[in-house]
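K.L.:
my questions are about this predicted structure, shown below with the sequence.
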Amino acid sequence: MSSDRTANCFTLKPIGIVHSGIRTTEQIGDSGKARGEIEIYPEYEPGLKDIDGFSHLFVIWGFHLSEGDKLTAHPPYYPYRERGVFATRSPHRPNRLGLTIVRLLRRKGGFLQVKGLDMAEGSPVFDLKPYTSRDQKLEAKFGWLDSVEGETT
């Protein structure tokens, strides 16, 4: 096994862009209700073939508004306790990648109308994947979030 950390590096190029109207991270709020559009660039539109039959999609995207990275974070809804960045959804990550599940409302050409956005206007989209029955994990645990459910401090 190679110890060269750059051996597996690669470059991501956006396949599209988010149109959400959200200009700052403070405006994200209840992302379960936020609606918007994901524009897929024309050269990638053929990749949307058959996507219409799925109700939800995984979106891999970039935190383009994030400034710097940290290995610890104060989650916005639970800021009183510092957590490891990999145990949070903080935008201040080493690779600044986001993962969101959205509801696909409709497709019109290269434009996907979606609900459940937690992405700012102009966020680059790197990939889409359908959410399938294999992705449901009934035995899932939610770590530190389980112990703070219902807390208001």
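P.N.:
Perfect, thanks for sending it.
K.L.:
contacts and neighbour counts: CA atoms only from here.
P.N.:
Noted.
K.L.:
now stretch 117-131: average pLDDT?
P.N.:
Averaging pLDDT along stretch 117-131 yields 94.
K.L.:
quick one: buried residues of that stretch?
P.N.:
In terms of neighbour count (16 or more other C-alpha atoms under 10 Å), stretch 117-131 has its buried residues at 117-128, 130-131.
K.L.:
now tell me what touches that stretch from outside.
P.N.:
12-25, 28, 31-36, 38, 51, 54-64, 100-102 (C-alpha atoms under 8 Å, 6 or more residues apart in numbering).
K.L.:
hang on, the earlier thing: just the closest of the buried residues of stretch 117-131 to Gly109, please.
P.N.:
Leu128 (15.3 Å; C-alpha to C-alpha).
K.L.:
okay, and the beta partners of the closest one?
P.N.:
Val59 (DSSP bridges).
K.L.:
who's in contact with the nearest residue to Gly110 once chain neighbours are set aside?
P.N.:
Spatial nearest neighbour of Gly110, excluding adjacent residues (C-alpha to C-alpha, 6 or more residues apart in numbering): Ile40 at 5.0 Å. Applying C-alpha under 8 Å, 6+ apart to Ile40 gives the contacts 15-17, 110-112.
K.L.:
can you give me the helices in this protein?
P.N.:
Here the chain has its helices, by DSSP state H, at 143-148.
K.L.:
what sits against the residue nearest to Lys115 when sequence neighbours are not counted?
P.N.:
Distances taken as C-alpha to C-alpha, 6+ apart place Arg35 nearest to Lys115, at 4.3 Å, with adjacent residues excluded. By C-alpha under 8 Å, 6+ apart, the contact set of Arg35 is 20, 113-117.
K.L.:
cool, Lys49 as well?
P.N.:
For Lys49, no contacting residues are found, by C-alpha under 8 Å, 6+ apart.
K.L.:
in PDB, could you pull the C-alpha coordinates for the longest strand seen in the chain?
P.N.:
If each strand of the chain is counted by residues according to DSSP state E, the longest one is strand 97-108. The C-alpha trace of strand 97-108 is given here as PDB (Å, rounded to 0.1, in the frame of the first residue of the first chain):
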ATOM      1  CA  LEU A  97     -18.300  18.400   0.000                       C
ATOM      2  CA  GLY A  98     -22.000  18.300   1.000                       C
ATOM      3  CA  LEU A  99     -24.500  15.400   0.700                       C
ATOM      4  CA  THR A 100     -28.200  16.100   0.700                       C
ATOM      5  CA  ILE A 101     -31.300  14.000   0.000                       C
ATOM      6  CA  VAL A 102     -33.900  16.000  -1.900                       C
ATOM      7  CA  ARG A 103     -37.400  15.100  -3.100                       C
ATOM      8  CA  LEU A 104     -37.600  15.300  -6.900                       C
ATOM      9  CA  LEU A 105     -40.800  17.200  -7.700                       C
ATOM     10  CA  ARG A 106     -40.400  17.300 -11.500                       C
ATOM     11  CA  ARG A 107     -37.900  17.400 -14.300                       C
ATOM     12  CA  LYS A 108     -38.100  19.900 -17.200                       C
END
